[in-house]
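Undergrad: quick one: sequence and predicted model below, then my questions.
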Amino acid sequence: MKKNIAIIMGGYSSEYKISLISGGVVYDYLDKEKFNAYRIHVFKNKWVYVDADQEEHPVNRHNFTVDLATETIKFDCVFNAIHGSPGEDGLMQAYFELIGIPQTSCDYYQASLTFNKRDLLSVLKPYGIKSAPSYYINLGDPIDEDGIIAKVGLPCFVKANKAGSSFGISKVYKKEELLKAIDNAFKEDNEILIESFLDGTEVSVGVIKYKGETKVLPITEIVSENDFFDYEAKYEGKSQEITPARITKEQEQKVRQIAKKAYEVLKMKGFSRSEFIFVNDEPFMLEMNTTPGLTTESILPQQAKIAGISLSELFESAIWEALEENN
């Protein structure tokens, strides 16, 4: 009997449009011979099932079911394609844990931790995983511009601590630009991370659970036409994403080992994509994404393709992993 799969997409953050595209790709590529796939849009003002005629049907949030005229749809598994809150910060993971429906991404603690860049890097530091020198500010804190520059230097990056797709991020070259960058970051989050600029090769490493094993995918090198890998570079073609990356065997071995170590130390599940910059052959971690982009142009699907894994196989494996984990 075919399993009913809810593909959740949308979300509450600036990334909702990208999430809708990712969710649509999952819907299109999921094997309909094996699964009944349902597109579920999750927004602050509504949770709805969108049928083939684009008609919307409310989702019962008490038990995550959908009442149709002829039947009530119950779901065997949830495929999480929400970037940002509430799909990547632990809220949906905790909800599905409470009501007992398996879902494809990591558990709620890991989602909450990895979504918080500051906390993630702090937790991984004792395991020898390096990150850039940094400075933290919360909304309402006094801003010591000289103290920030003394700690991280110039140029530096000002980032929203809990945001994705490069929303709320600026590269600052001069002290006069700092306050504007901080204001920009506070539009996305009430916590800010300011990091030293690391001058080196940027790579993205996908680590997934695939057929019961932790698998490191081929590494992607990021070459941005812009000043850094910003929204335009990620989604509007202003970058080259080269898979496999043009790095040495030693660099490849080192970053694969570190990315896998981070995945296993955190007891991760599902898909992850971690970003690193090499400085003198040493990989410095920037962040880990636990619901990475799943459009056909996105990095993780590119990496899976090079590894010989089709989108259908990638998505199906995630569902079976979640179902087996729940048994």
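TA: Structure received. Numbers count the residues shown, from 1 in each chain.
Undergrad: from now on I want contacts and neighbour counts done on CA atoms only, so please keep to that.
TA: OK.
Undergrad: quick one, strands of the stretch 1-150 of the chain?
TA: Using DSSP state E, counting those that start in this stretch, the strands of the stretch 1-150 of the chain run over 3-10, 35-42, 47-50, 56-60, 65-67, 72-73, 77-80, 134-138.
Undergrad: deepest of the ones you listed, which one?
TA: Each of the strands of the stretch 1-150 of the chain was scored by mean neighbour count; the highest is strand 77-80, a mean of 25, by mean count of other CA atoms under 10 Å.
Undergrad: now do that strand: which elements does it pack against?
TA: strand 3-10, helix 311-326 (3 or more CA pairs under 8 Å, 6 or more residues apart in numbering; DSSP states H and E).
Undergrad: in this structure, which spans are helices?
TA: 16-29, 91-99, 108-115, 117-124, 145-152, 178-186, 231-235, 249-265, 299-306, 311-326 (DSSP state H).
Undergrad: still on that earlier bit, of the strands of the stretch 1-150 of the chain, which is nearest Tyr210?
TA: strand 77-80 (15.0 Å; CA to CA).
Undergrad: and the residue positioned nearest the centre of the chain, what does it touch?
TA: A centroid search over the chain (CA atoms, centre = their mean) returns Asn289, at 2.9 Å, as the residue closest to the centre. Contact partners of Asn289, counting by CA atoms under 8 Å, 6 or more residues apart in numbering, are Thr114, Phe115, Ser272, Arg273, Ser274.
Undergrad: closest to Lys17 out of those?
TA: Lys17 lies nearest to Phe115 out of the contacts of Asn289, by CA to CA, at 18.7 Å.
Undergrad: quick check: the closest one vs His83, distance?
TA: 10 Å (CA to CA, to the nearest Å).
Undergrad: again with Ala132
TA: Distance from Ala132 to His83, by CA to CA: 24 Å.
Undergrad: the more surrounded of those two?
TA: Neighbours per residue, other CA atoms under 10 Å: of Ala132 and His83, the larger number sits with His83, 31 against 16.
Undergrad: now do the spatially closest residue to Leu266 that is not a sequence neighbour, the pLDDT please.
TA: For Leu266, ignoring the flanking residues on the chain, the nearest one in space by CA to CA, 6 or more residues apart in numbering is Gln110 at 6.7 Å. What the model reports for Gln110 is a pLDDT of 98.
Undergrad: try Phe228
TA: Note on Phe228: pLDDT of 49.
Undergrad: do the one 4 residues further on as well
TA: Per-residue confidence for Glu232 comes out at a pLDDT of 50.
Undergrad: run a quick neighbour tally on Gly128.
TA: By the criterion of other CA under 10 Å, Gly128 has 10 neighbours.
Undergrad: who's in contact with Pro198?
TA: For residue 198 the amino acid is Leu, not Pro. Ala132, Ile277, Val279.
Undergrad: who does the second one bridge with?
TA: With beta bridges defined as DSSP bridges, Ile277 has these partners: Glu202, Phe284.
Undergrad: ok, now which ones touch it?
TA: Contacts of Ile277 by CA under 8 Å, 6+ apart are Leu198, Asp199, Gly200, Thr201, Glu202, Val203, Pro283, Phe284, Met285, Leu286.
Undergrad: show the buried residues in these.
TA: For the contacts of Ile277, a burial check counting by 16 or more other CA atoms under 10 Å picks out Leu198, Thr201, Glu202, Val203, Pro283, Phe284, Met285, Leu286.
Undergrad: give me the pLDDT for the fourth one.
TA: If I follow you right, that is Val203. Per-residue pLDDT puts Val203 at 97.
Undergrad: ok, the one 5 residues further on next?
TA: Note for Ile208: predicted pLDDT of 98.
Undergrad: with adjacent residues omitted, what lies nearest to it?
TA: Using CA to CA, 6+ apart and skipping the chain neighbours, the partner closest in space to Ile208 is Phe271 (4.5 Å).
Undergrad: and the one you found, how many neighbours does it have?
TA: Using other CA under 10 Å, Phe271 has 24 neighbouring residues.
Undergrad: quick check, it in contact with Pro292.
TA: Yes - under the criterion of CA atoms under 8 Å, Phe271 makes contact with Pro292 at 7.3 Å.
Undergrad: thanks a lot, catch you later.
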